[in-house]
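Peer 1: give me the fold of what follows.
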Amino acid sequence: MSVALVTESADLQPATNEFGSDTVVLYFGNDWFAENRTSSHQLARQLAKKCRVFYIECPGWRAPRGSGRDLKKVFVKLWRFLRGTRMTEEGPRLRTLFQIPFHRFAAVRWLNRRIIRTTLAWMKWRHGIKNPISWFHVPHVPFLVGELGEQLSVYYCIDDYSAYPGVHPDTVRAMDAETTRKADVVFVASDTLLAGKQQLNPNTHVSPHGVEFDHFAKAQDPALAIPADIAHLNGPVVGFFGLIESFIDLDLIDWLAEERPDWQFLFLGRVAAPAESLPKRSNVHFIGKRPYAELPAYAKRFDACVIPYRPGDWSFHANPIKLREYLATGKPVVSVDTPQMRKFADVVEVTTTREEFLAGLDKVIATGSNPEEIARRMNRVASASWSARAEAVIETLRNELSARQS
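Peer 2: Have a look, this model is predicted:
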């Protein structure tokens, strides 16, 4: 995603607004330039077609470890913070928050809150923002919920954040609970999260993930060229795209690659798992990040797509966007068993053991895909566009605002 610089001028013409002529959405999300295009980005883009959206990049919840990558991120965030508000090519106005990355000290936490509050107060004054809707796609700024003069606050929770690698579970769990309690409306991406959230906030709704269907359907385009860097791969290709973290069962991949040495196991995405945990086999390929625009071309070469999560709290609640993206390509999918995967058991090989996982791959690779099977997979997610998901959320918020005004 690219961004065009806009000075912190006063102000920006409002788009057609779904909530009222003077309403702005202050949208607190993760890094706009993150490796993966997440629901945070997708919903912000959809909302920006309806109203004025200020996408506010929040500081991360994991303290820097002193690695080159982490230190670079600190300086990048500082540079973006100093640039003020910018216009993105995809609609939202972008503003970066900054904090001092030594969260274990109480004085630093106090100072960071002052910095963030001052930044937002300046932005609101500079752009004439009054009575906004605040939208929190991250849980770790609960002190802002209800403190921005908003007419409505929204918390959109997509995961069990306390199960993320590298975070302090108790701290994140407490922030998530506080954000849930304080928000006026809460959405969860997985119905496994619903009961727990409703205990904290009865006004909680399920909002499943969507998919950019037309984009990933390009994998079925006969004219689409397979990327040169994988054109040399021989034999069946088992593919995956996304972040390669500790929640990926790399032991399973290693075993599968040993059992099927004539297959190629291709992983696209940033590798965040420890290097020593990666399979060291000649038929397992970690080729790093690839642009979002090119993912359908890589998927065209896949004979099967996989979702090889490790069992645990994170995978239990996960509702991966990649599942819908895989199905939109028309390719067969083999996955471990989770509550969300069971809902797609009519178009996904859902497995509970490594032997079942291998058998599922054997099945789909041996039989291939006929046009009817391809169409069945694609039709399963064809109506689940991000625009449809956003419209359903907007309708809920319209009803909430109308109830408050009556």
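
Peer 1: how about the strands of the stretch 301-406 of the chain, start to end?
Peer 2: Remark: strands assigned in the stretch 301-406 of the chain by DSSP state E, counting those that start in this stretch are 304-307, 333-336, 349-351.

Peer 1: so for residue 45, which of the ones you listed sits nearest?
Peer 2: Smallest distance to residue 45 across the strands of the stretch 301-406 of the chain (CB to CB): 24.4 Å, for strand 304-307. Just so you know, the C-beta spots here come from the backbone N, C-alpha and C atoms, and that holds for glycine as well.

Peer 1: ok, and what's touching that closest one?
Peer 2: With contacts defined as CB atoms under 8 Å, 6 or more residues apart in numbering, strand 304-307 is touched by 236-240, 299, 320, 322-323, 326, 329, 331-336, 341, 357, 361, 364-365.

Peer 1: now residue 314: how far from residue 28?
Peer 2: According to CB to CB, to the nearest Å, residue 314 and residue 28 sit 22 Å apart.

Peer 1: compare these two (neighbour count), which wins?
Peer 2: The neighbour comparison of residue 314 against residue 28 (other CB atoms under 10 Å) goes to residue 28, with 27 against 20.

Peer 1: thinking again about what came up before, and the strands of the stretch 301-406 of the chain as CSV, adding distance to residue 285?
Peer 2: CSV is the format used below for the strands of the stretch 301-406 of the chain (distance: least, CB to CB, whole Å):
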stretch, distance to residue 285
strand 304-307, 14
strand 333-336, 18
strand 349-351, 22
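
Peer 1: closest one to residue 77 among those strands?
Peer 2: Ranking the strands of the stretch 301-406 of the chain by proximity to residue 77 (CB to CB) places strand 304-307 first, at 31.3 Å.

Peer 1: next one: the closest one to chain centre, how far?
Peer 2: A distance of 18 Å separates the centroid of the chain from that of strand 304-307, by CA atoms, centre = their mean, to the nearest Å.

Peer 1: describe which strands that strand pairs with in its sheet and in which direction.
Peer 2: Paired neighbours of strand 304-307 in the sheet (DSSP bridges): strand 237-241 (parallel), strand 333-336 (parallel).

Peer 1: off-centre distance for the shortest one?
Peer 2: Averaged C-alpha coordinates place strand 333-336 at 19 Å from its chain's average position (CA atoms, centre = their mean).

Peer 1: for it, C-alpha coordinates in CSV please.
Peer 2: Once non-C-alpha atoms are left out, strand 333-336 reads as follows in CSV (Å, rounded to 0.1, in the frame of the first residue of the first chain):
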residue,chain,number,x,y,z
VAL,A,333,-7.8,-26.5,0.9
VAL,A,334,-6.6,-28.9,3.6
SER,A,335,-6.7,-27.6,7.2
VAL,A,336,-6.4,-28.6,10.8
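
Peer 1: which residues touch it?
Peer 2: With CB under 8 Å, 6+ apart as the test, strand 333-336 has contacts from 249, 304-309, 311, 315, 323, 326-327, 341, 344, 347-352, 357, 360-361, 364, 377.
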